[in-house]
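Peer 1: got a sequence here, can you build the structure:
(chains A and B)
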Amino acid sequence: MPSGLLVVAHKEFVDQLTSKRFLSIFALLLLISALGIYEGTADYNEHLASYSERLQSATGNDPYAGSLSEIISPLTIFSKMSDYIVLFGTILGIAMGFDLISREKENHSLKTLLARPVFRDEIINGKALGSILALVIALGTTVAVSIAILLLAGIVPSLSDFGAILIFTVVSGIFILVYFSLALMMSAISKDSGSALIATLIIFVILSSVVPILGWAAAETLAGPTPVSANPGSPSVDAGDMQSYQQDMQAYWAKRSAFSSAINLISPDLNYERMALAITDPGQAIATDNNPYSFAEGPPETSPGLDELIGAIWANALALFVLPCVFFGVAYAKFMRADIR
Amino acid sequence: MIRTEHLTKDYNGSHAVDDLSMEIDQGEVFGFLGPNGAGKSTTILMLVGMIEPTAGQCYIDGIEVARNPLKVKDIIGYLPEDVGFYGNMTAEQNLDYYARFYPMDAAERTQRIRDLLDLVHLDGVTQKVGEYSRGMKQRLGLAQALINDPKVIFLDEPTANLDPEGVREYRDLIARLSDEGKTVMISSHILSEVRVVCRTVGLLVKGRLIAKGTIEDVARVLDPADGDLVRIVLETEEPLPAIVDPAIVSVETDGNRATILAKSDIRSRIVTSLSGQGLHVREISVRTPDIEGLFMSIYRR
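Peer 2: Below is the predicted model:
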């Protein structure tokens, strides 16, 4: 006899894979991603042709030969895919989770199920496990189709690129899991599916849109007053004052950027976008940190090392991982203590 | 088979079930009566291990429910008052899902499901449960309660939503389960239904068990005017003489009619005595209490 966990997980997996809701959102994600990748491969091939052309025209005494930028990685094609995952992945995660528990309460099947020799934690864990497996299938298929399109277009990723695509898939899965677990939590807390969906959407808007806006405003307040020049409006500028002003501004923006980044850690969308960028375009990810002084420097000419990359995004990775754990924890605690009458 | 000891459940400081102690023997078909909100369903939920008691214990087949809910769930069947299923699945698929929680292999499951669907007349129904009528869902509810061939069966308002034919079949089913030696506890507020199928009943009011036994036992507790005495109504064609018998406690005579309060049913002795005196008995009967009326008075409290 399989354990209660596996029985529940199997049913949930089949339910998800056969649900019209799941299939339609999955089909949309697959279609949009495939189109995005197809478009990306065209851009990539165009860029590659232009690069070859410039390389052929460059001669040994050509003064511009050294300015040829590095050949772009096929991974950049996937950076576009992260935009679609932010949209459709969120919808998919919410659609899969918002009525997982509340629907059972509404149609009274939870009481019938709880009359079986099965622990409550096996029920909620089984539901989560079955849904996550369905999610893995959906995401895995989407990425597999994307790779197939790359190969059909004659773009063969290297082994390290395949590794990066795998990491990208895992990170994308965790991102969708954030919204799935949020929806599951609201499903366990709310009395009905309608309330669960509305509450989930409100929190989604707060996390994805309100937090970045408030984060920017709060960072401005927390960073204190903007440094001002020693002689504002004076036509003659003292070099020492100017240097001091520049240093103050740099310190101010570094502080403001740090505050903003810390607040933005609450937003799974921003964490995911930053991580996806770090995987698909590491140089760009290093240069992007809300600090205009960093923008001025532009992306590094060579790809950053793994340690530098980890140093830049570890907080985002941690935050992205912690959120679903918190949401699952609350859902679990609520379901275990729920009064079934 | 079913035993509760000072079983208590509080909700928001008030007793939903209050110090309930009772015992139900194996093979008994027990009716749990009481008005809505009396605590019947709460008691059953504690007995099936779905909620924990605030105080006291309950045991099924000697197993303490709160300590070993899964062991208990292995040997019980439960039909909730508002039974629900997965509307996107057929009856067979629903039952198969529930059956997978018990130690049954695929062949056993298939056979059991086939038998049960046949039993509740849902065999051959291919539509999804979401399209079922309430009565069909109730039939399926009975089937799911029997999926593991339980020793003890709890049925909460089992005849709700059943049509007359369904009720008749349900009665036959209970009789069959009783013959198989299964213990059945039926919660209901419909006395007439419980009277038909239950040998013993318990009356729960405001969380307290106020009477338990046969329907007559319970009625006597509810109407204690006569206590254990038997009230005999007598009518003769001729005016009645004095009636004497050692068992008689009191006699009220009115011409050819009398109401006799006796320690036991002495109707045959009275008839013999009156016939010996040349009197003709027109009617003699034991007055039973108006059970429906008594229960209704309790329900209205």
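
Peer 1: all helices of the stretch 201-341 of chain A, in order?
Peer 2: Listed in chain order, the helices of the stretch 201-341 of chain A (DSSP state H, counting those that start in this stretch) span A:211-222, A:239-264, A:268-280, A:282-287, A:292-297, A:306-337.

Peer 1: got it, and the stretch 51-200 of chain A?
Peer 2: Remark: helices assigned in the stretch 51-200 of chain A by DSSP H, counting those that start in this stretch are A:76-84, A:90-97, A:102-106, A:109-114, A:120-152, A:159-189, A:193-205.

Peer 1: most packed of those helices?
Peer 2: Neighbour counts (mean count of other CB atoms under 10 Å in any protein chain shown) averaged over each of the helices of the stretch 51-200 of chain A peak at helix A:90-97, with a mean of 24. Glycine gets a C-beta too; all of them are placed from N, C-alpha and C.

Peer 1: circling back to that earlier point, reformat the helices of the stretch 51-200 of chain A as CSV; add distance to B:Tyr97.
Peer 2: Formatted as CSV, the helices of the stretch 51-200 of chain A follow (distance: least, CB to CB, whole Å):
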stretch, distance to B:Tyr97
helix A:76-84, 35
helix A:90-97, 19
helix A:102-106, 12
helix A:109-114, 8
helix A:120-152, 12
helix A:159-189, 20
helix A:193-205, 21
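
Peer 1: ok, which of these comes nearest chain B?
Peer 2: When the helices of the stretch 51-200 of chain A are compared by CB to the nearest CB, helix A:109-114 sits nearest chain B, at 4.2 Å.

Peer 1: tell me which other helices or strands the closest one touches.
Peer 2: If contacts are counted by 3 or more CB pairs under 8 Å, 6 or more residues apart in numbering or on different chains; DSSP states H and E, helix A:109-114 sits against helix A:120-152.

Peer 1: the closest residue to B:Ile24 other than its chain neighbours - how many residues pack around it?
Peer 2: Leaving aside its chain neighbours, B:Ile24 sits nearest to B:Ile2 (4.1 Å; criterion: CB to CB, 6 or more residues apart in numbering or on different chains). For B:Ile2, the neighbour count with other CB atoms under 10 Å in any protein chain shown is 21.

Peer 1: my read: B:Ile2 touches B:Thr183, true?
Peer 2: Yes: under the criterion of CB atoms under 8 Å, B:Ile2 makes contact with B:Thr183 at 6.4 Å.

Peer 1: hey, what's in contact with both of the two?
Peer 2: Applying CB atoms under 8 Å, 6 or more residues apart in numbering or on different chains, one finds that B:Ile2 and B:Thr183 are jointly contacted by B:Ile24, B:Phe30, B:Val152.

Peer 1: quick one: which of the helices of the stretch 51-200 of chain A is nearest B:Asp82?
Peer 2: Minimum separation from B:Asp82 across the helices of the stretch 51-200 of chain A (CB to CB) falls at helix A:109-114, 7.5 Å.

Peer 1: what's in contact with that closest one?
Peer 2: Contacts of helix A:109-114 (CB under 8 Å, 6+ apart): A:101, A:104, A:120, A:123, A:340, B:50, B:80, B:82-86, B:98, B:141, B:144.

Peer 1: how about the closest residue to chain A within chain B: what's its closest non-neighbour residue?
Peer 2: Nearest residue of chain B to chain A: B:Gly84, at 2.8 Å (CB to the nearest CB). Closest residue to B:Gly84 apart from its sequence neighbours, by CB to CB, 6+ apart: A:His108 at 2.8 Å.

Peer 1: residues in contact with that neighbour?
Peer 2: With contact taken as CB under 8 Å, 6+ apart, A:His108 is in contact with B:Pro80, B:Asp82, B:Val83, B:Gly84.

Peer 1: recalculate using a threshold of 10 Å.
Peer 2: Contacts for A:His108 (CB atoms under 10 Å, 6 or more residues apart in numbering or on different chains) come out as B:Pro80, B:Glu81, B:Asp82, B:Val83, B:Gly84, B:Phe85, B:Lys137, B:Gly141.

Peer 1: just B:Ile24 next, same as before
Peer 2: The contact partners of B:Ile24, taken as CB under 10 Å, 6+ apart, are B:1-4, B:30, B:32, B:47, B:60, B:152, B:183-185, B:200, B:202, B:212.

Peer 1: most surrounded residue in the residues you listed?
Peer 2: Taking other CB under 10 Å as the neighbour criterion, B:Phe32 ranks highest of the contacts of B:Ile24 with 29 neighbours.

Peer 1: any regions of chain B where pLDDT drops low?
Peer 2: Applying pLDDT under 70 to chain B flags the ranges B:224-227, B:288-290, B:299-301.

Peer 1: domains in it, by residue range?
Peer 2: The domain map for chain B lists B:2-222, B:230-292, with the assignment taken from automatic domain parsing.

Peer 1: interface residues of the stretch 101-250 of chain A facing chain B?
Peer 2: Proximity of the stretch 101-250 of chain A to chain B (CB under 10 Å from any CB of the partner chain) is limited to residues A:103-120, A:122.

Peer 1: just to revisit the earlier point, now the domains of chain B as JSON lines including distance to A:Ala148?
Peer 2: Formatted as JSON lines, the domains of chain B follow (distance: least, CB to CB, whole Å):
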{"stretch": "domain B:2-222", "distance to A:Ala148": "32"}
{"stretch": "domain B:230-292", "distance to A:Ala148": "76"}
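
Peer 1: out of those, which is the most enclosed?
Peer 2: Each of the domains of chain B was scored by mean neighbour count; the highest is domain B:2-222, a mean of 19, by mean count of other CB under 10 Å.

Peer 1: end to end, how far does that domain reach?
Peer 2: The straight-line separation of the ends of domain B:2-222 (CA to CA, to the nearest Å) is 24 Å.

Peer 1: ok, stretch B:43-54 next?
Peer 2: End-to-end distance for stretch B:43-54, by CA to CA: 12 Å.

Peer 1: okay, which residue is most central for the chain?
Peer 2: Using chain A here. Closest residue to the average C-alpha location of chain A: A:Tyr272 at 2.2 Å, with CA atoms, centre = their mean.

Peer 1: what residues are up against the closest residue to B:Lys263 other than its chain neighbours?
Peer 2: Ranked by CB to CB, 6+ apart and with sequence neighbours excluded, the top spatial neighbour of B:Lys263 is B:Ala247, at 4.5 Å. When contacts are counted by CB under 10 Å, 6+ apart, B:Ala247 touches B:Leu229, B:Val230, B:Ile260, B:Leu261, B:Ala262, B:Lys263, B:Ser264, B:Asp265, B:Ile266, B:Arg269, B:Ile270.

Peer 1: among those, which lie within strands?
Peer 2: B:Val230, B:Ile260, B:Leu261, B:Ala262 (DSSP state E).

Peer 1: may I ask which two of those are separated the most?
Peer 2: By the measure CB to CB, B:Val230 and B:Ile260 form the most distant pair in the ones in strands among the contacts of B:Ala247, at 8.5 Å.
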